[in-house]
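> what shape does this take:
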Amino acid sequence: MPLKSILLLLIIICNFFSVTAQEVTWEDAKLNTAKNAVYMKQDEREMIYEINRLRSDPPRYAKLFVTIQLKNALEVYKEDGRGDSSYSITTSYQDNKISSVDTNWHFSNEEELHALQTLYDTLMHLKPLSILQPDEGIYKACIKHAKNRAAAGSFDHIDTDGTWPWDRILKYSPRMEEGNENLAMNGNAPVRIIVMQLLNDANIDGYGHRYNLLDAKWTHVACYATRPPLMESKWWIQNFGKIKANEPKKKVLKATVR
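Model prediction:
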């Protein structure tokens, strides 16, 4: 990586932590829904708090935490151009036969800039989303998956028994009718960094992690953090659920944009 890129990357990190440190006043008791969920660890409860900050006021989140990253990504792009290249192969089928094979080129700086710009635009146009409640059944689904993948020695959405996130969520929390999952690894990074990593989602087709975090249908969530033996990075699992319409439930709060 060119020296200029390294220096600009350090500026981005420093600026981000500076903004994060300054925003100590975003405290709202109704967003801290997992405060009394004693079955979760402290950082897991804080992750839910951060997700609810995002969902309660997407434009505010964009202005506070995305703007600086977007500005610096633009500077990197101007200084170093499109960035390192890579490619992926897309195979299309018609009538069970290959109809085309396309090579798609990706450029690191270009994709980072595009991801952040689309993120900023999306958040600035979003109205407040439902505030998520913790769910112990969903939390058990997270733990089950983490143990399964740790034994397998790899981090993936599918368990070794072939089950997908929604299978596990509906099994361990039968009150739910839908579910989905985000996975992340980033050392011991603070929860806000993890949320921003998943929102950015550069190089992820369709920005799936981002739209899980911003999906209006979710009513419940659980987050689980663990560092399996021999793994250098902490694993994060975010599992989301939508409660069945006929299930008794607590009132799902919506925040008011200031």
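
> C-alpha from now on. contacts and neighbour counts both.
Noted.

> end to end, how far does stretch 196-210 reach?
9 Å (CA to CA, to the nearest Å).

> show me how far it is from its chain's centre.
Distance of stretch 196-210 from its chain centroid, counting by CA atoms, centre = their mean, to the nearest Å, is 7 Å.

> stretch 112-120 too?
With CA atoms, centre = their mean, you get 15 Å for stretch 112-120.

> one more: stretch 122-129?
16 Å.

> what average pLDDT does that stretch get?
Averaged across stretch 122-129, the pLDDT comes to 98.

> with stretch 142-157 instead?
93.

> cool, and stretch 68-82?
Per-residue scores along stretch 68-82 average to 91.

> going forward, the N-terminal residue is numbered 23.
Okay, residue one is now 23; in that scheme the one you just asked about reads as stretch 90-104.

> check which residues of it are buried.
90, 91, 92, 94, 95, 96, 97, 98, 99, 104 (16 or more other CA atoms under 10 Å).

> can you give me the strands in the stretch 173-280 of the chain?
198-207, 242-248, 257-265 (DSSP state E, counting those that start in this stretch).

> in a markdown table, list those strands along with distance to residue 55.
Formatted as a markdown table, those follow (distance: least, CA to CA, whole Å):
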| stretch | distance to residue 55 |
| --- | --- |
| strand 198-207 | 18 |
| strand 242-248 | 10 |
| strand 257-265 | 14 |
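
> the nearest residue to residue 182 once chain neighbours are set aside sits in which helix or strand?
Take residue 182 and drop its neighbours on the chain: the residue closest to it by CA to CA, 6 or more residues apart in numbering is residue 170, 7.0 Å away. Element membership for residue 170 (DSSP states H and E) is helix 158-174.

> tell me the angle that helix makes with strand 257-265.
When axes from the mean of the first three to the mean of the last three CA atoms, to 10 degrees is applied, the directions of helix 158-174 and strand 257-265 differ by 150 degrees.

> just the residues contacting helix 158-174, thanks.
Defining contact as CA atoms under 8 Å, 6 or more residues apart in numbering, one finds that helix 158-174 is touched by 61-62, 177-178, 181-182, 190-191, 193-195, 243-246, 248, 250-251, 259-263.

> any of those residues buried? List them.
Looks like the contacts of helix 158-174 have 62, 177, 181, 190-191, 194-195, 243-246, 250, 259-263 buried, using 16+ other CA under 10 Å.

> what about residue 47, which SS state?
Using DSSP: H, G, I helix; E, B strand; the rest coil, the structure places residue 47 in coil.

> on that earlier part again, alpha carbons of the helix holding residue 170, as PDB, please.
The C-alpha coordinates for helix 158-174 follow below in PDB (Å, rounded to 0.1, in the frame of the first residue of the first chain):
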ATOM      1  CA  GLU A 158     -33.100 -15.000  25.400                       C
ATOM      2  CA  GLY A 159     -34.200 -17.700  22.900                       C
ATOM      3  CA  ILE A 160     -32.400 -15.900  20.000                       C
ATOM      4  CA  TYR A 161     -29.400 -15.500  22.300                       C
ATOM      5  CA  LYS A 162     -29.300 -19.300  22.800                       C
ATOM      6  CA  ALA A 163     -29.400 -19.700  19.000                       C
ATOM      7  CA  CYS A 164     -26.300 -17.400  18.800                       C
ATOM      8  CA  ILE A 165     -24.400 -19.500  21.400                       C
ATOM      9  CA  LYS A 166     -25.400 -22.800  19.700                       C
ATOM     10  CA  HIS A 167     -24.000 -21.500  16.300                       C
ATOM     11  CA  ALA A 168     -20.800 -20.100  17.900                       C
ATOM     12  CA  LYS A 169     -20.000 -23.400  19.500                       C
ATOM     13  CA  ASN A 170     -20.700 -25.300  16.400                       C
ATOM     14  CA  ARG A 171     -18.500 -23.200  14.200                       C
ATOM     15  CA  ALA A 172     -15.700 -23.000  16.800                       C
ATOM     16  CA  ALA A 173     -15.600 -26.800  16.800                       C
ATOM     17  CA  ALA A 174     -15.500 -26.700  12.900                       C
END
